[in-house]
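> Predicted model follows, preceded by the sequence.
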Amino acid sequence: MALILLLQRFYYLAFGWPEKSLSTDIALITGGGNGLGRLLALRLCKMGAKIVIWDINKAGINKTVQMLEELGGYCKGYVVDISKREEVYKAAEDVKRDVGDINLLINNAGVVSGFNLLDTPDHLIERSFNVNVMAHFWTTKAFLPKMIENENGHIVTIASMAGHVGINKLVDYSASKFAAVGFDEALRLELEVLGHNNIKTTCICPFFIQQTGMFDNVWARATPLACASAFLKCIVPDAAPQSRPQKSILNMATNAAIASRVNVMSTFKDNLSPLTNASSLLIQRSSSLGERVL
Ligand SMILES: NC(=O)c1ccc[n+]([C@@H]2O[C@H](COP(=O)([O-])OP(=O)(O)OC[C@H]3O[C@@H](n4cnc5c(N)ncnc54)[C@H](O)[C@@H]3O)[C@@H](O)[C@H]2O)c1
């Protein structure tokens, strides 16, 4: 028996650990009709999860649903404007009725205005906050109670490096992403204090990524595919091969940005546990259950 286990161990070390099946999981991804949301949907679908996507772009939703169905997966899309609280609550009821209880909520949808502050129309500033952070309150309030009841849940915040470093022409975006980072941190602590040990949170803060459409005119960028893979390794580490951590473009890009925030990062590094080394990204995993991926 010991010999079999030893051989199995060598096999896994050589060829990577078997991926965990997510066949009992139901993941909801906001902004799943394009960019990173679609890539995350594809990857989670391949891992066996049922996927629900919300987006305002019907054509984008249809494309994602079609791609996932061609893979033989399950994907249901809803047109939802997540900046509207009542729409979120109504769609959440529809999802519970049509699909079931969400146990992985990925707050991914985001918008950017991209003007100097004084040139940014008021409604775009409000939109940035409504989509990039306020929506996280509505989706979390809609799905967290069942996660607590079922003792199984994971709430993921796709924030940004601009949620740690202020950036020119991104004043509203940066401010909203700082708020999203704060949302994750406070929620994580609150869940810990309340003893909800089965609910995890993850906050992912990517640097600029090319080709999703959001920051295509920004020079320093990583690739969406590399990012989606890296995100997945952080969201479900036990569903990703552990043996050969890869240095991704994203890692290099984020490290460059991190260099300008040495104080923040040294705090993060103090909190790193050996577990986090499996990822190609830097993760803050505090004594609570959550983690932060930069
Ligand atoms: N692309 C980058 O360089 C980059 C860098 C750092 C962080 N991020 C963050 O990653 C996330 C995904 O970005 P992306 O590059 O895939 O963007 P994207 O523009 O390709 O996709 C965003 C999706 O959100 C949807 N959306 C926008 N407003 C919505 C609303 N009110 N209701 C529902 N859906 C809405 C859009 O229709 C779109 O499908 C965002 O939160 C973004 O801020 C992106």
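Right, received. Where do you want to start?
> can we go C-alpha only for contacts and neighbour counts from here?
Noted.
> my guess is residue 51 is in a strand, correct?
Yes. Counting by DSSP: H, G, I helix; E, B strand; the rest coil, residue 51 is found in a strand.
> Any figure for the gap between it and residue 95?
11 Å (Cα to Cα, to the nearest Å).
> Those two - which one has more neighbours?
residue 51 (26 against 19; other Cα atoms under 10 Å).
> which ones are touching the more buried one?
26, 27, 28, 29, 41, 44, 45, 74, 75, 76 (Cα atoms under 8 Å, 6 or more residues apart in numbering).
> please redo it, this time with the cut-off set to 7 Å
By Cα atoms under 7 Å, 6 or more residues apart in numbering, the contact set of residue 51 is 26, 27, 28, 41, 45, 74, 75, 76.
> what does residue 74 give?
50, 51, 68.
> What's the local residue count around the spatially closest residue to the first one that is not a sequence neighbour?
Think residue 50. Among residues not flanking residue 50 along the chain, residue 26 sits closest, at 4.7 Å (Cα to Cα, 6 or more residues apart in numbering). Here the number of neighbours of residue 26 (other Cα under 10 Å) works out to 23.
> who's in contact with residue 26?
49, 50, 51, 102, 103, 104.
> nearest to the ligand, of those residues?
The ligand has its nearest neighbour among these in residue 51, at 15.2 Å by Cα to the nearest ligand atom.
> Any idea what the closest one is bridged to?
Note on residue 51: beta-bridge partners by DSSP bridges are residue 27, residue 75.
> Identify each buried residue in stretch 110-122, please.
110, 112, 113, 114, 120 (16 or more other Cα atoms under 10 Å).
> before we move on, back to that, so the residue nearest to residue 50 versus residue 69, what's the distance?
Taken as Cα to Cα, the span from residue 26 to residue 69 is 15 Å.
> In this structure, which helix is the longest?
In the chain, taking DSSP state H as the definition, the longest helix is helix 171-193.
> burial of residue 11, as a residue count?
For residue 11, the count of nearby residues is 12 (other Cα under 10 Å).
> Would you mind listing what in the stretch 151-294 of the chain touches the ligand?
Counting by Cα under 6 Å from any ligand atom, the stretch 151-294 of the chain comes close to the ligand at 158, 159, 160, 206, 207, 208, 209, 210, 212, 213, 214, 215.
> I'd say residue 198 and residue 154 touch.
No. Residue 198 is beyond contact range of residue 154, at 8.3 Å (criterion: Cα atoms under 7 Å).
> out of these two, which sits in the busier spot?
Neighbours around residue 198 and residue 154, counted as other Cα under 10 Å, are more numerous at residue 154. The numbers are 21 against 15.
> residue contacts, that one?
Counting by Cα under 7 Å, 6+ apart, the residues that residue 154 touches are 103, 104, 105, 199, 200, 201.
> export the residues you listed to CSV and tack on neighbour count?
Listed next are these as CSV, based on neighbours: other Cα atoms under 10 Å:
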residue, neighbour count
103, 23
104, 25
105, 24
199, 22
200, 21
201, 24
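> Wait, a helix at residue 93?
Yes. According to three-state DSSP, residue 93 belongs to a helix.
> What confidence value was assigned to it?
Note on residue 93: pLDDT of 98.
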